[in-house]
Each structure stands twice: as C-alpha cells, then as structure tokens.
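Participant: Have a look; sequence and predicted model below, questions after that.
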2 protein chains.
Amino acid sequence: MSKGIPKRSEDYSLWYNELVKKADLAENSPVRGCMVIKPYGFSIWEKMQAEIDRMFKETGHTNAYFPLFIPKSYLSKEADHVEGFAKECAVVTHYRLKNDENGNGVVVDPEAKLEEELIVRPTSETVIWNTYKNWVQSYRDLPILVNQWANVVRWEMRTRLFLRTAEFLWQEGHTAHATKQEAIDESVQMMNVYAQFAEEFMAVPVIKGIKSESERFAGAVETYCIEALMQDGKALQAGTSHFLGQNFAKAFDVKFTSKEGKQDFVWGTSWGVSTRLMGALIMAHSDDQGLVLPPKLAPIQVVIVPIYKGEEQLNAIRDKVNEFIPALRKAGVSVKLDDRDTHKPGFKFAEWELKGVPVRLAMGPRDMENNTLEIARRDTGEKETFDLSNDLVAKIEGLLTDIQDSIYQKAVAYRAEHTTEVNSYEEFKEVLESKGGFVSAHWDGTAETEEQIKDETKATIRCIHIDAKEEEGVCIYSGKPSSRRVLFAKAY
Amino acid sequence: MSKGIPKRSEDYSLWYNELVKKADLAENSPVRGCMVIKPYGFSIWEKMQAEIDRMFKETGHTNAYFPLFIPKSYLSKEADHVEGFAKECAVVTHYRLKNDENGNGVVVDPEAKLEEELIVRPTSETVIWNTYKNWVQSYRDLPILVNQWANVVRWEMRTRLFLRTAEFLWQEGHTAHATKQEAIDESVQMMNVYAQFAEEFMAVPVIKGIKSESERFAGAVETYCIEALMQDGKALQAGTSHFLGQNFAKAFDVKFTSKEGKQDFVWGTSWGVSTRLMGALIMAHSDDQGLVLPPKLAPIQVVIVPIYKGEEQLNAIRDKVNEFIPALRKAGVSVKLDDRDTHKPGFKFAEWELKGVPVRLAMGPRDMENNTLEIARRDTGEKETFDLSNDLVAKIEGLLTDIQDSIYQKAVAYRAEHTTEVNSYEEFKEVLESKGGFVSAHWDGTAETEEQIKDETKATIRCIHIDAKEEEGVCIYSGKPSSRRVLFAKAY
Ligand SMILES: [Zn+2]
Ligand SMILES: [Zn+2]
C-alpha cells in the first residue's frame, strides 16, 4: 500500500495530519471543527480511558454526569471564569424546528425561542458548583470526589484533529473540600496521577509544574500541569489540575458547617485531560513509516501475517499459529491474525506498520519447515528468526515490555537533548530557532515580560517546574532580579 | 433515617420520583428537562454499560465517536426521519457571546450567527450515514459494525428522571451491510442481545417483538423491540433495533460495488438503549422500603454494619470482619464496611435498604462471642444467623445467585399474572382498568383502529410478538378478520 504520508523532516504538520487520517484514527466531519473519531482511533482512546478511570477510582473518585447545557447567566457568576470561557461557545437559542412554508425542508420556529439562552458546556464548573450547593451542608458531606467523562465544545477558529477541535471528549474532575490544604493536596495528587499515566502508559515523559498567572485556568488560584515535548521541539500541555480556592464556592454560595459549628465556604479543585492526549501520543513516538504505539495502549499488540501461496499453505499456517495464539491471549496479549485473502503480505506489513502495531509475526513455508517465525518490532524495525521450540509467550511478553521501556527512554533522551539552560535573550532566541525544545531561563515574574517574549518569539512559559530550585539570577529579558528559572517553549 | 418515600399503592408515580432522589440515583437540574446523574446512580449505569459494551464487542462491534452537532439540512434528507426528529430539538444559532454594553453579564453576539443552524443530535443516523459515504466503496469495506456511547437531546415538554429527559445518555449502533438479509439478521441479533442483557443482568423479563407501523422508528423499514412490564401494570420499551433498509443509504448516496462488480445501495441498521433502562430497573423490582437491585448490577453487593458501643468494640469487630472481607473481594464480591461513627446502626440499615444493597451483614458483641453474624437479604427481608466456622464466601455467592434468580422469577410471575388474552373490546377495557398489564388481542392491522383504541383507552400496541402464532380471529375493535394477536398495554 502507498502510505501517502510525507516525512517529518519535510513537513511535520502535514505529516501529523496525514498520519491521523491514514492510520484510521480520526477525520474531519462536515460540521466545522468537529471530528469523527474512527474505530481504530477510538479503541486507543478507550484503552486510555480505562487506565485513567482505574487510577481515579483507586484514588477514591466516583463518576457522575451533569447537564450538557449551562444557562447563560451561570457563566457570569465567577468573574474570571466568564472572561476565559464565555466567549467562543455554541449557543442554543431555540428548541423547535418547523416545516418551511415554502417547502424548503425545515426552519427554526421563531416562536420556540428560549427565555434564557443555553451554552453548550465549554467546561462544567458553573453547573456543577450550582449542584454542589444542594449537596453540601455539613463537613460530613465533604469531600466530594466526583469525575465525569463528557463532551465539551469550544468554538475554535483554527482546528486540528485531536489537538484543537470545537468538540472534544474529556474527563473533568470536580472536588469539594473542607480545608484549603486538602484541596491543594488533591490538585497536586491529580497532577501526579496524570504524570504517572503519561509516563507509564503513554511512554511520554512529562514535566510537572505550575502555570504562570497569565496561563492559569480562568477562575483558578493555581494551575498545576504536565507538559510534554513533541518531536518537532514544541511543547504540549497534556493535562491540568486546578486549585480553585473558594472562588466557585463563593460564586455559587456553597457553604458548610464545620465540626466546630462554624460556617465557611467550601474549597475546590478541577482537573482534566482530553482527546488531546491522542495528539501527544501520536506525535511523541511516531515516525515516517507511521504510528508507533506503546504496547500498553495498543489495541492490537501482535499481528500475525501468513505468507503463502494457495489455500493449502494458508490452512497449514493457520493451524500452526492457532497452536500458540490461545497461549498468547491467555497471557493477556492482544493478537490479530490477518488472514485476509484480499491483500498481499507486503500491503499488510505496510498497513500494520502505519497503524503502529508493536510486534509483527510473519510465517511462511520455510518457517513451517524449520518450525520458526519472523519477529519484527515496530519501534526499531529489528527482525529476528524465532525457534518455536522456545517459549514464545515469554519472548513476546519480554519484547512488549522492552518496547514500552525503549520508546519511553528514547523520548526521555530526546527531551534531555532538547532542554537548554540559557542566560541571555540572544541565546534564548538562538536556541528556540535552532533546536527548539524547552528553554530554561530566568524571568522577572511579570506578565509584561512574559507577553513581550511571547510576541517576539512565540515562546510561552510552559511552567515553573514543581521542584524548581532557588537560584539567584537576572531575567533574560528585563535584567531584573529573578530567584528561579522557568521553562519556556513554543507550544501546541 | 426517615426515608420519605410514599408507598407504591398510594402513589406509584410519586413513589418512583422520590425513590430516584432519595436513593441518590439522580435529580433534576436547573436546566429544564436535564438531569444530574448522581454518583450512586451513575455507578449502576456504569455496570450496565460495561456488560452491554462487552456483549457488543463479543458480537463483533467496535466503538467510535461522531459529532454532537448535525447541520440542519441533514435532517431533511430522509423524508420520514425529518418528520420524526426535526421538531423538538435544541438549535444552535450562534457561536459567540460578548460583554453586555450595559454591564449585565454576557449577551449573544448578533454578529456571530451561524450560516446554517446546528441541531444537537437527537439521534445520529444522518451524520453517520453522511460519514459512511466516504468509508464505503467496495463490498470489502462492509460490513461496518460501529457503536457509539453518547449524549443526545430531544426537547421533551414533560420529563421524568431517567424515563424521559431532554438530555439522556445512550448507545447507538449503526451498521452497514452488503445484503438485505445480513442487515435483517443484525437487527434481530441486537434485539436478542438487548433481551439477554435485560433478563440476565437486570433480571427483567422482556417480550421480543416487532413494532406496528405507527410506532416504528422514523426512517426504518422494521423496528424490533423489547418490552418490559413495570409493577404498576404499565409497559416500558427498553430497547429498539431498526432495520433501515436502504433508506439512509439512498438519502446520503452510500453505494458499494459488489463482488460481481455491480453497484448497489448499502443496507443499514441502527439500535439503541439508554439511561431509560435505569427507570426500568428501578420500577421492575423496588418496593416500599426502597431500591431492590439485582446482584449483577449492584455497585455494592454486600454491606457490613457493625453494632457496637465504644471504640474498643468497634475495633474488635473491624478486626474480625477484616478476616473475611479479602476472601469475599477475591471471589469478586463487592463489599462495603460501613464503620462511620456519625450514624447509628438503625440509620445505616435503612439507608442501605433504600439503596438496594442485596445482602446486609450485621455483627454485634453477641455475634463476636458466638463467632456468628446476621445475614439479611434485601429482596425478601429474610434474616438468618450464620456460623462463621462455615464457608462464608460460598454462602454469599450462593445467596447472590439466588437473589438474582429470585427477583427475576418474581418479575416473570408478575408478568404472567398480568398478561391477559381478551376477545372483545369490553373485556379489553375492563382488563386495562382493573389489572392492567399486557393485553393480547386481535387487531385488524390498520393504523386507524390502533389510533382509535389509543384515544379511547390510552393503550398502544407494544408489539407483535416475535413468535406470534397464526390464529384466526376478529379485531376486537372493528370486527374485521385478523390472523394473529398483538400485545397492547398502557406504556411509559
Ligand atoms: Zn507546566
Ligand atoms: Zn415490543
């Protein structure tokens, strides 16, 4: 098959777009900015969801579901929030269509106008805190540790599959606590959960950090985040966790009576990851041949391609592989036998390479004679002949573990190479231009400097590293004193 | 605790509403017709989803995701479909808000009016068939066996939690086939999957049948359904599966080239169940004390309530129950130890009864002395003292199986008692008034008769039983000849 994707070095952006489509991950829909997540892409997302959901439950959270629509007036209740979210959003104004009098299909019924417009949720803090108000009276009702898996809509003008779409899928956790410290601990815990997921399952190393004030979530007191680095040297924010202080509790009047009988506002957090993670997963590991998937998230971990002439040879190979397929499946390995007679082995090799299946087994007449098969790993392209008198299950399990670890280490090495400490603005700009990546530099802490650097270089402060050490220095831009470095990068 | 729910015999409808709220299943939101599914309710829905999703995958389906919004013009492309769905729906007309010039929060920006309005999906046939058009060229691309889990919106004027809400959660399967027979087989298969789920997991017996033309899905050639009977004698449609013929393929021009090189339109099906199943589950088994959950869908299968005075006794009981809790969990039983010191045992008993936990274990000082505990089953209220020198895990497993079976048999018996064959319209009306339930009667096959019976009695044709046998008779209403009986009932 012709893969029809350009090389990363030729056009990284086009490489990404074509890969997403050709590997059957997603495609644009006729509805502006909304994507169709295709079955293969969705099966990866489902594996992500399953692991993330398990981690949420292990940390004491339960799922619930809140309305898709938010009354317009709710958005205005938290002053910062409205500035951040009440702008580009889908507005429902009517609740009925009727037949057009001129016979041209259906038209909006002007008599079915809503008294108050409804906004398709861009995020659910407002409608959820309005609900929590009725759930909380006493300290006994706290904490509330709730998550929802949902679709949200933000009317983006420039969209890209998975990375920035008008509608996307995500989870949003919303918790309520009796004390400030407990809420801060929760926000930090969820940042850690996200980091663990990214590193252990996606094989994507991430920086844990705190956002600068101008990059903070609208309505939050502090935004914690995880930041990943893509192969083109651009950063990608992969998850955020917000300490909301008492902002939403005050906006929606959510109070509780403490053990000591005192009334106080509740402390809140919210945190989310989205189908954007798919974009990070794709860009972090894939190559010019197509997708490279970490075994822990690959819907198909092992594909078997028979090489044969005629039905008889195919049946012999089928019988042979069916001797070991059950043992692999029993060991939890997902295996697909691609015995389609409509396509040649070369086409199948290319297709599964494009789709990122970690391990490919091929078996032909000579293998049948020698009791062997060929094992090829997707990440390095290495091939070897395996003698089937040895333990195939152990071999495959070992290989999957090795691939998972290997692509993670490769990403760690790439990030190490592309993280640079600079001490002058000249150096800063030069590094951004030449190799990109994270640039660690002193900053005077002002929004003005941040803004000017962004205007001049397109680089933004990704975060202040959670473990940033105190270090005397001067801001690369203003020359004013600074007490620690922050991480800059161009970003998705 | 005071449960605050009326008896079923006093006010069945109010009993249902209060039970849903008091058992923490769901509540109304301030957004008209939209519900909040609370954590306990959602955990039941998640268990349903997990089983249904597994059954879909075992029958070869994969999940995908399609846009929330449908361009208005799409709805008009299938003539029957537009009549059925393009009426009461949420219409997005604008994509931006702006600050009100008079300082009153935010207002819709009149300059951000969409060229074509978007409809929040009431069901996704149109947007999905528009997508399938690009996925199908040859018979090799068929069948497409895709499902999506999604939220949908139908602007209902009168809503009830779970049973009829403006926004609800569901799954919608959409399949495409090369032959008519394959599509029919698929529709029938999915009706059978739904029936199996309802009976095996929900413990709700269902009638499998075919809808009359006037009850058919808008755009379908045939609608298969499963119909359950609630404790008030009303029927509830629990799932539908539609054979779409080539209707949507023609509307969206989805053609394929057959093996023989001939062009033809693709054959389709669609099928869905929704959070309405929660309503069916609640109404089928619950009693005046609260929810009764089938063990296979209960988020908590066993609750343990310690009866103690003082911290010392509590600790002793804790140690004791922690000896057997791990063994229960290892056997796959979900166990909760309710050792809250903020509530008395009586309160806890009532709370878990209200929430439908199938088995309650209680342990007090005398039990500690005798090495026993008290086992109470939720469905019958029966209690027994169990000697802990016997095998508790086997006991509990047996009890859960027995409860699952027992509530199913109870529902089967109720339905048998409430299914009546009648041969005259007088009898028909009398049965409907006196005991309700399914009424099996001859019908002349015309929409006019169906309509008139509905107007006069509020009973509708629930379905023509899938195995309805040929039987000469006369229509109870018109006296015209009829060749088989159909099932009438008042319905949700
Ligand atoms: Zn960061
Ligand atoms: Zn029926």
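Facilitator: Nice, I can see it. Residues are numbered from 1 along each chain as shown, chains lettered A, B, ... in the order given. Ligands and ions are numbered 1, 2, ... in the order given.

Participant: For the stretch 51-200 of chain A, which segments count as helices?
Facilitator: A:72-75, A:79-85, A:125-135, A:180-200 (DSSP state H, counting those that start in this stretch).

Participant: which other helices and strands contact the worst-scoring helix or strand of chain A on mean pLDDT?
Facilitator: Across the helices and strands of chain A, mean confidence by mean pLDDT, DSSP states H and E is lowest for helix A:79-85: a mean of 78. Judged by 3 or more C-beta pairs under 8 Å, 6 or more residues apart in numbering or on different chains; DSSP states H and E, helix A:79-85 is in contact with helix A:72-75, helix A:247-251. (C-beta placed from N, C-alpha, C; glycine too.)

Participant: Residues in a beta bridge with the closest residue to residue A:183 other than its chain neighbours, which ones?
Facilitator: Among residues not flanking residue A:183 along the chain, residue A:267 sits closest, at 3.8 Å (C-beta to C-beta, 6 or more residues apart in numbering or on different chains). In this entry, residue A:267 is beta-bridged to residue A:177, by DSSP bridges.

Participant: Was I right to think residue A:267 contacts residue A:248?
Facilitator: No. Using C-beta atoms under 8 Å, residue A:267 is not in contact with residue A:248, being 9.7 Å away.

Participant: on that earlier part again, could you point out which of the helices of the stretch 51-200 of chain A sits nearest residue B:425?
Facilitator: Checking those against residue B:425 by C-beta to C-beta gives helix A:125-135 as the closest, at 49.3 Å.

Participant: Quick one: distance of the closest one to the chain centre.
Facilitator: Mean C-alpha position of helix A:125-135 versus that of the full chain (C-alpha atoms, centre = their mean, to the nearest Å) differs by 27 Å.

Participant: repeat for stretch A:198-206
Facilitator: From the chain centre to the centre of stretch A:198-206 is a distance of 11 Å (C-alpha atoms, centre = their mean).

Participant: Straight-line length of it, end to end?
Facilitator: One end of stretch A:198-206 sits 7 Å from the other (C-alpha to C-alpha, to the nearest Å).

Participant: Same check on stretch A:210-225?
Facilitator: Using C-alpha to C-alpha, the end-to-end distance of stretch A:210-225 comes out at 6 Å.

Participant: Now the element after the top helix by length along chain A, going C-ward?
Facilitator: Ranked by residue count under DSSP state H, the longest helix found in chain A is helix A:392-417. Using DSSP states H and E, the helix or strand that directly follows helix A:392-417 along the chain is strand A:419-421.

Participant: So what are the sheet partners of that next one and their directions?
Facilitator: Strand A:419-421 is paired, per DSSP bridges, with strand A:438-442 (parallel).

Participant: Can you tell me, leaving aside adjacent residues, what's nearest to the residue of the stretch 251-400 of chain A found nearest chain B?
Facilitator: Closest residue of the stretch 251-400 of chain A to chain B, C-beta to the nearest C-beta: residue A:342 (5.8 Å). Residue nearest to residue A:342 in three dimensions, not counting chain neighbours: residue B:140, with 5.8 Å by C-beta to C-beta, 6+ apart.

Participant: Keeping just the C-alphas, turn stretch A:478-492 into CSV.
Facilitator: Extracted in CSV, the C-alpha atoms of stretch A:478-492 (Å, rounded to 0.1, in the frame of the first residue of the first chain):
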residue,chain,number,x,y,z
SER,A,478,14.4,42.8,31.6
GLY,A,479,17.6,42.2,33.5
LYS,A,480,15.6,42.4,36.7
PRO,A,481,16.4,40.0,39.6
SER,A,482,14.9,36.5,39.5
SER,A,483,15.0,33.8,42.1
ARG,A,484,14.4,30.7,39.9
ARG,A,485,14.3,29.5,36.3
VAL,A,486,11.1,28.8,34.4
LEU,A,487,10.6,26.7,31.3
PHE,A,488,9.8,28.4,28.0
ALA,A,489,8.8,26.7,24.7
LYS,A,490,6.8,27.1,21.6
ALA,A,491,3.8,25.1,22.2
TYR,A,492,0.7,23.4,20.7
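
Participant: and the helices of the stretch 51-200 of chain A, which one's lowest on average pLDDT?
Facilitator: Note on those: helix A:79-85 shows the lowest mean pLDDT, a mean of 78.

Participant: What residues of that one count as buried?
Facilitator: For helix A:79-85, a neighbour-count test (16 or more other C-beta atoms under 10 Å in any protein chain shown) marks A:81, A:82, A:84, A:85 as buried.

Participant: I'd like those residues written out as TSV, with distance to ligand 2 added.
Facilitator: Formatted as TSV, those follow (distance: C-beta to the ion, whole Å):
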residue	distance to ligand 2
A:81	47
A:82	49
A:84	49
A:85	45
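
Participant: OK, contacts around the residue in the stretch 101-250 of chain A that ligand 2 sits nearest to?
Facilitator: The stretch 101-250 of chain A approaches ligand 2 most closely through residue A:106 (29.8 Å), counting by C-beta to the ion. Residues near residue A:106 by C-beta atoms under 8 Å, 6 or more residues apart in numbering or on different chains: A:97, A:98, A:99, A:100, B:72, B:75, B:76, B:82, B:86.

Participant: Of the buried residues of helix A:79-85, just say which sits nearest to residue B:47.
Facilitator: Nearest to residue B:47 among the buried residues of helix A:79-85: residue A:85, at 33.5 Å, using C-beta to C-beta.

Participant: so the closest one makes contact with residue A:153?
Facilitator: No. With contact defined as C-beta under 8 Å, residue A:85 does not count as touching residue A:153 (11.0 Å).

Participant: so what sits against both of the two?
Facilitator: residue A:122.

Participant: List the contacts of stretch A:11-29.
Facilitator: Outside of stretch A:11-29, the residues within contact range by C-beta under 8 Å, 6+ apart are A:3-8, A:35-41, A:44, A:160-162, A:231-232, A:278-279, A:282-283, A:286, A:288, A:290-291, A:354-356, B:66-67, B:127, B:131, B:134.

Participant: Now do the buried residues in that stretch.
Facilitator: Neighbour-count burial for stretch A:11-29 flags A:12, A:15-29 (criterion: 16+ other C-beta under 10 Å).

Participant: Spatially nearest residue to residue A:43, not counting backbone neighbours?
Facilitator: residue A:299 (3.9 Å).

Participant: Contact partners for that neighbour?
Facilitator: A:40, A:43, A:44, A:47, A:334.

Participant: repeat for residue A:410
Facilitator: Per C-beta under 8 Å, 6+ apart, neighbours of residue A:410: A:285, A:379.

Participant: I'd like the distance between it and residue B:355.
Facilitator: Applying C-beta to C-beta, to the nearest Å, the value for residue A:410 to residue B:355 is 50 Å.

Participant: Doesn't residue A:239 lie inside a helix?
Facilitator: No. The assignment for residue A:239, made by DSSP: H, G, I helix; E, B strand; the rest coil, is strand rather than a helix.
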